[in-house]
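*Asks:* Model the structure of this input:
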Amino acid sequence: MRDAKLRILVVTQYFWPENMRINDLVRDLREKGHEVTVLTGVPNYPEGAVYQDYLRDPSAYASYHGADVVRVPMRARGKRSLTLMLNYATFFLSAASIGAFKLRGRQFDALFVYAVSPIMAAIPAVVIGRLKRAPVFVWVLDLWPETLRAVGVLKHPRLLALVGRMVSWIYNRTDYLLLQSHGFIDNVKGYCTRPIAAERLVYFPSWAEDEFSAPVASSTLVTPDPEVFTVVFAGNLGEAQDFPAVLDAAQALRGKAAVRWIIVGDGRMSEWLGAQVSQRGLDNVHLLGRHPLEAMPALFAAADALLVSLKTNDVFEKTIPGKVQAYLASGRPLLGMINGEAARVIRESGAGLACDSSDAPGLAGIVARLAEASAPQRAEMGAAGRRYYLEHYSKPRLMERLESLFRSATLRNGGK
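*Replies:* Now for the predicted structure:
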């Protein structure tokens with residue numbers, strides 16, 4: 001049974017050509033010889049509009065490294081809270097109905113849910129898992145409804161309570177809950193109204209994409225300048241990343257230190273960022289827009305430090321943003337304007353410096369401090385981060401762990 005091929009259904013609202021860690025997982029499972037099917041929606045993240053390449057030829061996106069990609073219709077996320085909620089709702093309704101119909105006649109040994117927001121993406125897996133009599137694994141990467149409250153998408157107590165009951169319904173009907181952070185455990189247990197066996201709660205952190213461990217070429221996005229300290233932020237440009245505080249720090253250092261801030265990505269705050277950089281005259285802040293994942297390792301290698309930031313609240317303090325693993329794997333020093341688990345990792349690893357969330361003066365201070373450090377000191381920080389990554393977030397080890405969980409569940413399920 002150890003080497004037998006598994007039939008795995010991956011349920012995810014986000015998938016290739018969107019840059020998501022689930023792409024790596026699907027590819028690796030296929031390379032290990034497993035039969036993988038992906039149930040997903042149409043690509044529209046993070047811009048909010050369906051990708052033009054997909055609209056021109058949907059058939060070109062029906063297979064990924066040999067995995068069959070089954071797509072269902074849904075509303076694009078747009079730029080407003082209302083369209084975002086419609087995006088969430090239409091995916092899980094469409095996947096639970098149209099998706100289940102498209103998958104009729106297929107059998108699976110395990111269902112795996114990539115549960116970044118929205119958690120409702122797990123509902124189709126619960127439905128299909130019952131129809132197929134297969135165990136369901138939910139990789140919990142965001143805490144709901146707390147995340148909705150934290151980012152201001154949903155504020156009404158009754159609506160938050162309603163979402164909480166939905167989360168409880170999902171957790172109580174899921175066979176395994178894989179938690180990306182130790183900080184998630186108590187929160188998840190709080191929504192499990194039925195007794196939950198210890199083996200059902202599994203610590204399963206994220207890893208960095210393979211590109212961050214491969215040889216790196218020169219970046220075409222940033223020209224190296226030994227006279228300027230380069231801080232790079234890469235990822236989603238949303239409200240949670242607290243760009244007002246980031247820009248305040250950049251403004252505080254402008255004219256006082258030779259620091260440039262490179263911001264790469266796209267999202268709901270993109271237009272606001274562009275307007276603010278222009279209004280404030282921040283010629284030390286450069287907005288490069290969205291670029292493919294393949295360009296990130298070279299960009300990171302050209303940076304003197306990599307920035308991660310999150311607003312402060314009880315939810316974000318329990319979360320480790322996925323970019324932290326990519327930053328650590330790249331072997332560059334980290335700067336964190338962040339609290340909780342992510343700050344602990346930065347300090348514990350020796351990979352860089354951290355200040356409190358939303359502390360713009362604190363961020364300016366640690367940027368200046370790192371800029372004044374010697375090149376050997378910064379190199380040792382980067383090396384320490386890389387060692388910590390290999391010890392705690394090695395993808396080969398995590399993939400072996402996941403395969404083992406799938407096989408154990410299959411045996412408990414009667415070895416179908």
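*Asks:* Just name the shakiest helix or strand of this protein by mean pLDDT.
*Replies:* The helix or strand of the chain with the lowest confidence, counting by mean pLDDT, DSSP states H and E, is helix 146-151 at a mean of 73.
*Asks:* what's in contact with the helix or strand just after that helix?
*Replies:* On the C-terminal side of helix 146-151, the nearest following helix or strand under DSSP states H and E is helix 157-172. With C-beta atoms under 8 Å, 6 or more residues apart in numbering as the test, helix 157-172 has contacts from 119-120, 122-123, 126, 138, 144-145, 148-149, 154, 177, 188, 191-194. For glycine as for every other residue, the C-beta is placed from the backbone atoms N, C-alpha and C.
*Asks:* Buried only: go through these for me.
*Replies:* Listed as buried from the contacts of helix 157-172 are 119-120, 122-123, 126, 138, 144-145, 148-149, 154, 177, 188, 191-192; burial here means 16 or more other C-beta atoms under 10 Å.
*Asks:* Which pair of those spans the longest distance?
*Replies:* In the buried ones among the contacts of helix 157-172, the most distant members under the criterion C-beta to C-beta are V126 and R149, with 23.6 Å between them.
*Asks:* Filter the contacts of helix 157-172 down to just the ones in helices.
*Replies:* Assignment to helices by DSSP state H places the following of these there: 122-123, 126, 148-149, 188.
*Asks:* quick one: average pLDDT of stretch 373-393?
*Replies:* Averaging pLDDT along stretch 373-393 yields 96.
*Asks:* So for it, what gets flagged as buried?
*Replies:* When burial is assessed from 16+ other C-beta under 10 Å, stretch 373-393 yields the following buried residues: 373, 378, 381-382, 384-386, 388-389, 392-393.
*Asks:* From the residues you listed, which land in helices?
*Replies:* Assigned to helices by DSSP H, the following of these qualify: 378, 381-382, 384-386, 388-389, 392.
*Asks:* where does the stretch 1-150 of the chain have low pLDDT?
*Replies:* Of all residues in the stretch 1-150 of the chain, those with pLDDT under 70 make up the ranges 1-3.
*Asks:* Tell me where it has helices.
*Replies:* In the stretch 1-150 of the chain, the helices defined using DSSP state H, counting those that start in this stretch lie at 21-31, 52-56, 81-94, 100-102, 122-132, 146-151.
*Asks:* Give me the helices and strands touching the second one, please.
*Replies:* With contacts defined as 3 or more C-beta pairs under 8 Å, 6 or more residues apart in numbering; DSSP states H and E, helix 52-56 has no helix or strand neighbours.
*Asks:* Please identify the buried residues of it?
*Replies:* By 16+ other C-beta under 10 Å, the buried positions in helix 52-56 come out as Y54.
*Asks:* which residues are in contact with that helix?
*Replies:* When contacts are taken as C-beta under 8 Å, 6+ apart, the neighbours of helix 52-56 outside the stretch itself are 17, 42-43, 60-61.
*Asks:* Report the contact partners of P58.
*Replies:* The contact partners of P58, taken as C-beta under 8 Å, 6+ apart, are R71.
*Asks:* Heading C-terminal from the helix or strand harbouring V345, find the next helix or strand.
*Replies:* Under the assignment given by DSSP H and E, the secondary-structure element containing V345 is helix 340-349. Once the chain leaves helix 340-349, the next helix or strand it forms, by DSSP H and E, is strand 352-355.
*Asks:* Can you name every helix or strand that that following strand contacts?
*Replies:* Taking 3+ C-beta pairs under 8 Å, 6+ apart as the contact cut, strand 352-355 packs with strand 334-337, helix 340-349, helix 360-372.
*Asks:* Give me the contacts around the second one.
*Replies:* Right, helix 340-349. When contacts are taken as C-beta under 8 Å, 6+ apart, the neighbours of helix 340-349 outside the stretch itself are 181-183, 308, 310, 316-321, 324, 328, 334, 336, 338, 351-354, 384-385, 387-388.
*Asks:* Of those residues, which qualify as buried by neighbour count?
*Replies:* For the contacts of helix 340-349, burial is judged from neighbour counts taken by 16+ other C-beta under 10 Å, and it is met by 181, 183, 308, 310, 316-321, 324, 328, 334, 336, 338, 351-354, 384-385, 388.
*Asks:* Quick one: the helices in the stretch 201-350 of the chain, in order.
*Replies:* Shown for the stretch 201-350 of the chain, the helices assigned by DSSP H, counting those that start in this stretch span residues 243-253, 270-280, 296-301, 322-330, 340-349.
*Asks:* re the thing from before, now the buried residues of stretch 373-393 in a markdown table, with distance to D248?
*Replies:* Formatted as a markdown table, the buried residues of stretch 373-393 follow (distance: C-beta to C-beta, whole Å):
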| residue | distance to D248 |
| --- | --- |
| A373 | 23 |
| R378 | 24 |
| M381 | 25 |
| G382 | 27 |
| A384 | 29 |
| G385 | 26 |
| R386 | 31 |
| Y388 | 30 |
| Y389 | 30 |
| H392 | 32 |
| Y393 | 31 |
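*Asks:* need the contact list for E227.
*Replies:* Under the criterion of C-beta under 8 Å, 6+ apart, the contact list for E227 reads A258.
*Asks:* In terms of pLDDT, where does it sit?
*Replies:* At E227, pLDDT is 92.
*Asks:* Having no further points to raise, I will conclude here.
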